[in-house]
Each structure stands twice: as C-alpha cells, then as structure tokens.
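> Just need the structure, nothing else, for what follows:
(chains A and B)
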Amino acid sequence: MTRDAPARNPANSFQDMILTLHDFWSANGCLILQPYDMRMGAGTFHTATTLRALGPEPWNAAFVQPCRRPTDGRYGENPNRLQHYYQYQVILKPSPANLQELYLQSLVEIGIDPLKHDIRFVEDDWESPTLGAWGLGWEVWCDGMEVTQFTYFQQMGGFDCKPVAGELTYGLERLAMYIQGVDNVFDLNFDGRGVTYGDVFLENERQMSKWNFEVADTDALFDLFRKAAAECRNALDAEVPIAAYEQAIEASHLFNLLQARGVISVQERASYMAQVRDLARGSCEAYMAKEADRWAREYPEWSA
Amino acid sequence: MSGTDFLLELRCEEIPARMQAGARADLERLFRAEMDAAGVQVGAITVWSTPRRLALIARGLPQATEAVSEEAKGPPEGAPDAAIDGFCRKAGVTRDQLTLREVKGRNTYFAVIDKPGRATRDVLAEAIPAIVRAFPWPKSMRWGEASLSTESLRWVRPLSGIVAIFGEDLVQCAVSGIASTYATMGHRFHHDGPITIGGAHDYAEKLRACHVIVDHAERQDMIRAGAAKAAADAGLTLVEDEGLVIENAGLTEWPVPLLGRFDEAFLDVPPEVIQLTARTNQKYFVCHDADGKLANAFVCTANIEAADGGARIVDGNRKVLAARLSDARFFWEQDRKTSLESHAKKLERITFHEKLGTVADKVERVARLARWLVEKGVVNGADPDQAEQAAQLAKADLVTEMVGEFPELQGLMGGYYARAEGLPDAVADAIRDHYKPVGQGDEVPTAPVTVAVSLADKLDTLRSFFAIDEKPTGSKDPFALRRAALGVIRIVQENGLRLPIAEGDLLDFFADRLKVQQREAGVRHDLIDAVFALGNEDDLVRLLARVKALQEFMKTDDGANLLAGYKRAANILRKEDWLGLEGEIARTGEEDPLALVDDPDLKAVVDAKMAQARAKELSYTPEPAEKALIEALDKAGPTAAAAVEAEDFAAAMGALASLRAPIDAFFDSVTVNDADPAKRAGRLDLLARFRDAVHRVADFSRIEG
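This next block holds a predicted model:
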C-alpha cells in the first residue's frame, strides 16, 4: 500500500487508530462527520444515526461520538470504566451486502490480523426503548473481548426502517487497549509520541465523577429536565423536529445525571424513562411527518 | 439404493448458536412437506448447520414424480354451452375428449385429466424459494436495498447464497435476487474466494478442505474431545458442560479448544462464581485439579488454527476473564463488609408486589411461618430459633452486588456470606438451599431447618398471591406459582410432612399440580380426583396413600367389578332420581350430594336418621341376595370407616372388596324395579346405601373405565 500522507501507526497511537478508521470509511464512501455537540449516552443518539435511519434516502456516514454515562464513573480509579469515552460509529443505509467484510477489513487496517486473533460474531440483539428502536445483530468478539456492536436496524422511533441501515459501534478505548497491549485505559498512548490517555482525561474523570455523583445540584437538574421536556414540546408545536429531538437528547442525559445522583426512586424511574421515550418518539414522528411527502415523491416504491 | 442425491445449502451471516438445532429440524420438516405435497418420495435426510450455513442432503430421490390420471366430473348433458366450455378450460381438454356417463339418472360429462410426472428438479426449484419464505425463525430481519419495502424477504440474518444441486445438475432457482449456484464459501478467515461444489457426494469434504466442518455433531465431538485433552495435558480434569459444547459448536466452523490460566489469587472467590462468569459471559469451560477443586484454568474454543498455536488468543481471553474476575472479586469483598442482617434491612425498600408490600414484609411472614412449622411439629428436628433466623436472612443476598450481577447465584451467595460471618451451618445451608427444588431434577431439601424455610417461603408465596387473586391462567404464570406448588408437593412428599396444605381455590390448584406431577409417576389422575372429590382431604401424604391403595385395588378383579357394580347402582339411582336417606338431609344443590355429610355438625343428625332407617323393618321379606347385600353392608360400612380413620387404606379397600360378590349377586337375581312400591323403595334405598358406603373411601363416580 502506498500513501502520500504520513504513515499511520494505529498499533501505538489512539489518534492514529481513529484516523485510520476515518481513512478506511472515507475510502468506502462514508461522509466523515464530527461529533454531535451535545451530551449523549451513545453514538446512536447522533442525528446522523437516529434521524437519518428514518426514510428512504441512502446515507453513509462515520464519526467519533463522545459518550457520557455518569453512573459508570469511577473517579479515574478503575482501569476499564469511564464516565466519558468514545464510540466510533458507522452507519450505512441501505446496509450493503458486504458489510461484514468491510468491517473485518477495517479491523485489519487498525492492526488486528484475523488469522492470529479469534474474531467471532456472537448473537446480541440491540434495543433502545428510549428511541423506540431495535435491531438484530451481534457483539463482535476479538479473543473473547467485545469490541464492536454490529446491528441491522429494524425499527427507529417506532417506525420500520425502510430500507434497513447497518450500524457499527466500535468501542475505541477497548480496541486501542487491545491493540496497544495495555491493561489500564489511562496508560494508552494517545498520540504515538508519549502523551497518554490519562494525561488527557484522568483529571477530567476525577472531577466529573465527583460532580456526577456528589456535587450536581439535583433541584437544578430536575428543573432542567422539566424545561427540556417543555422545550421539546414547544419545538414540536412549531414543527421543528430536529430542535425537538435535541431537547429529547438533553432530557435523556439529565435523567442519567439524576440517576447517578441517586435521587430517582425505582418507581419514578419507569415514569421518567417513559417521558424521555415519548419525547424521542414524538420527535422522530414529527421528523417523518415533515419529510414523508417529499420522500414519497422521490421514492415511489417507499411508503411510511 | 437407486435414485439421485440432492444437496441444499442456505448460506447467511452468523446464525445465533441457540437457534441452530431448531433450524435444522425446521429445514427437514419443511423440505419433507414440500416433497410430500408434490408427490416426491423421500428417504433418508441429513441436515447440518454451522454459524454460516444450513445444509440438507436428501438421498435417493426419483428423477420424476409418477404420472397420475384423475377423472373430473362436469356439468350434466344439456347444460348451457358456457358451463361446458368453462369445464373444458378448467380441465384442459377439448369438448370431443369429454365422455358421458349416467349419474343418478342424468347423463353427465366427465373429463380425464392426465397429470404427467414432473421432473424432480423442477419440483425442487419451486420448493426451495417456498421453504426459504416459510422458514419460521424465532426472530427474523430485513436487510439491504430490498428492505425499502417491508414485504422484502425475512431471514435470521442476511441470506447470502444458495447451493442447490440435484445429482450433478444445478437446480435453478432464486429468492429475493439470490440465485442458486454451485459455489459456496469456505472458512471466513482460512479460505479466500468461492469453492465449487460437485454435489451431495463431495460437499462435506470440499468444505473440510477449506476449514469448515459442516457436520455440527462432528464439531461437538471435536470440542468435547479437544477440551478434555487440553485439560488432561495440563494435568487437570475438564468440568463437562454439554450446553457449552453445543453453544461453542454453534459459534465455530473450525473449533480449536485452547487452555489458558488465570491468576491463582482469584480462587478466593467462590468456585460457582468463577464458573458462572467463565460460562455465561465468556463461554469457557473450567477445570478441576487432582483433588476435585476448581483449578485456575479455562478452556476457550477458538474458530481458527492460529499460526502461533493460539498463544495470542489465549492471552487475550485471559485478560478478558481477569477483568471479569476482578469485578467478581470486588463484589465478593464489598458484600462481606456488610452483615446479612444489614443487607436484609435494605429489603424494606424493595417492593415484592404492589398489593403484598415489600420483600421485608414477606420475609417477616416467612420467618413466622417457618418457626410455626417447627414449633407445631410439622417439621421435626429443627431449632425454631434457627428456622426463624434463616428465614429472616434468606433473601438478604438479593441486595448484594454479586447477586445483582449474577441473579442465578441467589441463595448460594447468601449461604457463603452466612458462613463467612460465622452463622451455624444449619442456618447457612437453609439460606443456600431454600429455593430448592427449582427444576424437576433438582434435589429436594431434607435438612430440617432448610425444609422449614423452603416450605414456608413457597407456602407464603402461594397463599399471598391467591389471596389477592393473582392466579396462573393458561400459559401465564408470572409469579411461578405452579413451580412453587410443585416444590411444596415434593418437599411434603419426600419428608412425609403432615399438615393441612391449603383450602379453597388453592387446594384445587394443588390438586391439579399433584395430578400433573403424579402422572409421570404413573398415578391415574381420575383416582386423585376420586379422593379429592371427597372434599375433606387437605393432607397430601394421606391423600397419596389413599390414592395408591385405590390404584392397587382398581388393578384387581374385585376393584374392576365393584366399579362396574357401583356405576350400575349409581345409574339406576340417577335415573330414578333417588336421593336415598342421606340425600334427604344433604340436598344442597352441590355437585357432590355428600358434600355436607362430613360436616361435623350434621354427623349426629345423619347417624340418627341412618339408625332409625335401619331399625325400620322391611315391610317384605328380602330375597336371599338382597339380604346378603344388607348384611355385607352392615359389616363393610363400619370396617371401611374404621380403616379410613386409622389410615389403613389397604384395609378400607379390603372392606369394599367384600361387597363385590354380594352386589354382583344382587344385580343377577333381584329386580329393583319391582311392581310393589315398597320393594322398589327398599331396594333403591339399599343401592343408595351401597353407593354411600363406597363413597366413604373414594368418589367412584370420578373413576374412569
């Protein structure tokens, strides 16, 4: 292989691993997007996944999405768990026939030789009640470690996916730890020149864990939740579903923060989740409703 | 055997391991149904599966189906032309090919339709798409461009190829744009590009050459043997696990068991936890050392023959397991920092059921009941304080970190934690085993404290849910009450516990469970009904003894004949609407006219009435057989009653047996429906007395045969 750009070194650099994936998916027809500028629990929440999974238009995109899971914070003391980490998302709609081959090729690119490492597709169906979404697929194992979630979306926002999108979610830190042979995430070589993941994120994990678990003003969080929910409805009334969806994401994250603060009882939990689900689904419905006529015109064989 | 072999391979992305056995059976069933419908004789069929393919080989198929000719009846002569032409079109004949025959006095047209034999290859070409479309996957999906419509093909994961070869000829067909070919794919990593298959004869071997063992049974054997050998080579013994063998065979096309080691320090964690982590999260086998203790080793099953012998694979798997085990050890250490008693306090915050309060409330009820069971002597040999304590702590592990992570360890972990904090063995064992028996093959507790807690827990669950009318219906049993009832039955039986088990609906529920359970032990359900129908039996041990004696009795000549006599008597009484002496008293409108006779308040009345009736001289001279029956009843009645009282059910049956000859003789020589109303009444009364005597032992009207 020849390349004009400087040689990537994914085996020794977290950022080179990401850049290698960008190179690969860009070469395979994906838009390379940037992270969504909001706090969210998973890359699937990015509008490039959720909203673009709806409707008939082809859509191929790849991006890194920072994910926040407040309850997973361990004050930087656990070698595997973080409240903030990265997912690499690829969404290909319609799902291409060679999606598995493309994915395996991407692993080779970042340095995983499938004749030295045991790669397996183990049944794992994905469901997000919050998004009214589900799909069938696998968790991909590399020597027994889950490195990717591989899903064929069947429904999103309560709607059948027509056509079906294939979604890949790589756990970047895990993959990098594996490739670099590192047992502690904070020891990862970030740039191949000695800056570690810990240099970048350790203090962040300490402070954010403390804030998530101990400091965040719960009255303010409850208030913000109510405001996000209200704003979502306001945006729905004004027929701006993308803005509504952003507020659903916001409400979802605020709910996660309230969970981490331990102020939502088991009984209340279900009710909060139902509220978030209704906001997200309502936004998806409104998005569909707004686009449906155009889609039906441009894709005669498609129907909502 | 002559005939031609057929090979079908349906290739797709990885099929979940748990679905493969079902898919093999479905493939064979659907194939047979299609061939059957087309009239193709099918002999032996082999089905195989790997994660990436389902294969079927049908041996010795004919080249074509046999020709058949069928006659079709048309309209009568003189029918309108349109009707006759229509018939011809439908039958595919011309008018001059019709024949006329008389049917019920009218000349009617007939057509002979010759159905020529069809080439089997054509039949197969139609059958394959039909099989694919009808395939009943437990969960299926759409994919790719075609999924723009929800009508697109559904399969378990994207379907990618079809190989269909009849003899050496391709069976041409296509499903959803996937056309049949001679080509398949080998192992995902060990082989590049397509492989051309010649037919059923070379399929398995060609795949083998490309690192695919298509026969799942062979892969299972390889895993069984390979894992055992890997363990033996390390001086260890594999802990056999057939579920893991099948699952790993369903995850691999070229299985290679590899042994790895984990840090010995993790062995502080209870072995069940290690085994469960290894098994459920990672699908690894575990091993025992020479002393039969869990060793610090695991066996994983790779899907490749790695160039380095698997060293890197083992090392990767070791790291993953280490991370899992560190979590487990962390839980094990955290949980023990708090006593079970303190853990149990947290149960106050967990709702058991919205109408039944918290888990802490339930625990309190169970503790009281467990103590009562011991103090009342239902459960012997237990210390009531220990029974109460064990019950109070039995659910505490539900709020521990470990059980939160591995719910299937409930009970077991409580037992470990109890022992670790120095509680008596009897208490720790009871906490550990109080959920038992869980499944059918599960052992039934016999240690007294455990028996008390286990029984109390299940009885409380049953009584509580029945009290709020949450009973199982049809296939719905969300609170597993059937299992709880079966658990109670088995504990009571195996420990010979004597207690009134329940009343009302719950007793009926136990009766149903008992019938299901006893069916497998060969006990007739109608005999259980016959005893339950007496209405006063809530002691399962006594009930089963009674049923057992009854079943033995029904096997004898006397039993069978007595039943016949009983049925005859009951029929006559029913036809005559004769309620008899007791009927006068106990006419309650209930199904069982004797339902109230056992009411102690009524007993005196009944007895007085009976004595009075018997004292009354018959107004006529009874015939000899009639007299003999009266005397036999005078003797058998009290004997049977006394035997039942003494729970000597064999003797009770013996007393009934003594009625057999007299009742037979009575029916042989005495006319019930005598012209003399006094005789008729006397004899009907006598039959009623006979029926009632039999009912003291069991309700024979419920007995089949």
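
> mind checking which helix or strand the residue nearest to the spatial centre of chain B is in?
Chain B has B:Gln440 as the residue nearest its centroid, 9.5 Å off, counting by CA atoms, centre = their mean. For B:Gln440, there is no host helix or strand (DSSP states H and E).

> per-residue confidence at it?
Note for B:Gln440: predicted pLDDT of 80.

> For it, give its distance to B:Pro407.
Using CB to CB, to the nearest Å, we find B:Gln440 at a distance of 21 Å from B:Pro407. Yep, even glycine has a C-beta here, placed from its N, CA and C like the rest.

> Run through the helices of chain A in chain order.
Using DSSP state H, the helices assigned to chain A run over residues A:14-27, A:99-109, A:172-180, A:197-210, A:218-237, A:241-260, A:266-298.

> Tell me which of those sits nearest to chain B.
Chain B lies closest to helix A:99-109 among the helices of chain A, at 5.9 Å (CB to the nearest CB).

> and that closest one, C-alpha only, in CSV?
This file holds the C-alpha atoms of helix A:99-109, laid out as CSV (Å, rounded to 0.1, in the frame of the first residue of the first chain):
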residue,chain,number,x,y,z
LEU,A,99,-21.0,-5.0,5.4
GLN,A,100,-19.3,-7.8,7.4
GLU,A,101,-16.4,-8.0,5.0
LEU,A,102,-15.9,-4.2,5.1
TYR,A,103,-16.0,-4.3,8.9
LEU,A,104,-13.4,-7.1,9.1
GLN,A,105,-11.2,-5.2,6.6
SER,A,106,-11.3,-2.2,8.9
LEU,A,107,-10.0,-4.3,11.8
VAL,A,108,-7.2,-5.5,9.6
GLU,A,109,-6.4,-1.8,8.8
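
> Hey, what's the angle from it to helix A:172-180? Just curious.
Orientation note: helix A:99-109 sits at an angle of 50 degrees relative to helix A:172-180 (axes from the mean of the first three to the mean of the last three CA atoms, to 10 degrees).

> Show me the contact partners of helix A:99-109.
Contacts to helix A:99-109, defined as CB atoms under 8 Å, 6 or more residues apart in numbering or on different chains, come from residues A:10, A:20-21, A:23-25, A:28, A:92, A:96, A:114, A:119, A:121, A:140, A:142, A:148, A:150, A:166, A:168, B:13, B:188.

> before we move on, the earlier item: now the helices of chain A as a markdown table including mean pLDDT and mean neighbour count?
A markdown table is the format used below for those (pLDDT from 0 to 100; neighbours: other CB atoms under 10 Å in any protein chain shown):
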| stretch | mean pLDDT | mean neighbour count |
| --- | --- | --- |
| helix A:14-27 | 98 | 19 |
| helix A:99-109 | 97 | 18 |
| helix A:172-180 | 94 | 22 |
| helix A:197-210 | 97 | 17 |
| helix A:218-237 | 96 | 16 |
| helix A:241-260 | 95 | 22 |
| helix A:266-298 | 90 | 17 |
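
> Quick one: closest of these to B:Ala545.
For these, proximity to B:Ala545 was assessed by CB to CB; helix A:266-298 is nearest, at 47.7 Å.

> Also compute the angle for that closest one relative to helix A:218-237, please.
Using the same axes, to 10 degrees: helix A:266-298 against helix A:218-237 is 20 degrees.

> List the contacts of the nearest residue to A:Met38 once chain neighbours are set aside.
Distances taken as CB to CB, 6 or more residues apart in numbering or on different chains put A:Ile249 closest to A:Met38, at 5.5 Å, once the chain neighbours are dropped. Counting by CB under 8 Å, 6+ apart, A:Ile249 makes contact with A:38-40, A:45, A:280.

> circling back: how about the helices of chain A, which one is nearest B:Thr65?
When the helices of chain A are compared by CB to CB, helix A:99-109 sits nearest B:Thr65, at 40.2 Å.

> still on that earlier bit, turn the helices of chain A into CSV, including distance to B:Val320.
Output for those, formatted as CSV (distance: least, CB to CB, whole Å):
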stretch, distance to B:Val320
helix A:14-27, 19
helix A:99-109, 17
helix A:172-180, 10
helix A:197-210, 20
helix A:218-237, 36
helix A:241-260, 27
helix A:266-298, 31
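
> B:Arg702 is nearest to which of these?
Nearest to B:Arg702 among the helices of chain A is helix A:266-298; the distance by CB to CB comes to 48.0 Å.

> tell me what that closest one is packed against?
Here helix A:266-298 touches strand A:159-160, helix A:218-237, helix A:241-260, going by 3 or more CB pairs under 8 Å, 6 or more residues apart in numbering or on different chains; DSSP states H and E.

> Just the angle for that helix relative to helix A:241-260, thanks.
Using the same axes, to 10 degrees: helix A:266-298 against helix A:241-260 is 160 degrees.

> Looking at chain A, which strand is longest?
Secondary structure assigned by DSSP state E gives strand A:145-156 as the longest strand of chain A.

> For chain B, what's its nearest residue on chain A.
A:Asp143 (2.7 Å).

> Identify the residue nearest that residue in space, chain neighbours excluded?
In space, and not counting its chain neighbours, A:Asp143 is closest to B:Gly316: 2.7 Å by CB to CB, 6+ apart.

> can you check B:Asp425 too?
Distance criterion CB to CB, 6+ apart; nearest residue to B:Asp425, sequence neighbours excluded, is B:Arg419 at 7.4 Å.

> immediately after the strand or helix carrying the one you found, which helix or strand?
Using DSSP H and E, B:Arg419 falls within helix B:412-420. Heading C-terminal from helix B:412-420, the first helix or strand you meet, by DSSP H and E, is helix B:425-433.

> So which elements touch the helix or strand just after that following helix?
Next helix or strand after helix B:425-433 toward the C-terminus (DSSP H and E): helix B:448-467. With contacts taken as 3+ CB pairs under 8 Å, 6+ apart, helix B:448-467 sits against helix B:359-375, helix B:384-393, helix B:425-433, helix B:481-495, helix B:504-520.

> how does it look with 6 Å?
If contacts are counted by 3 or more CB pairs under 6 Å, 6 or more residues apart in numbering or on different chains; DSSP states H and E, helix B:448-467 sits against helix B:359-375, helix B:384-393, helix B:425-433, helix B:481-495.

> Tell me the pLDDT of the residue of the stretch 201-350 of chain B found nearest chain A.
Residue of the stretch 201-350 of chain B nearest chain A, by CB to the nearest CB: B:Gly316 (2.7 Å). Listed pLDDT for B:Gly316 reads 92.

> Now it: which helix or strand?
Judged by DSSP H and E, B:Gly316 forms part of helix B:311-336.

> List the buried residues in that helix.
By neighbour count on 16 or more other CB atoms under 10 Å in any protein chain shown, the buried set for helix B:311-336 is B:312-314, B:316-321, B:324-329, B:331-332, B:335.

> which residue is nearest the middle of chain A?
Residue closest to the average C-alpha location in chain A (CA atoms, centre = their mean): A:Gly43, at 1.4 Å.

> Including mean pLDDT, could the helices and strands packed on helix B:448-467 go into TSV?
Below are the helices and strands packed on helix B:448-467 laid out as TSV (pLDDT from 0 to 100):
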stretch	mean pLDDT
helix B:359-375	96
helix B:384-393	97
helix B:425-433	97
helix B:481-495	94
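
> Make TSV out of those and add mean neighbour count.
TSV is the format used below for these (neighbours: other CB atoms under 10 Å in any protein chain shown):
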stretch	mean neighbour count
helix B:359-375	21
helix B:384-393	25
helix B:425-433	24
helix B:481-495	20
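
> Kind regards, and thank you for your time.
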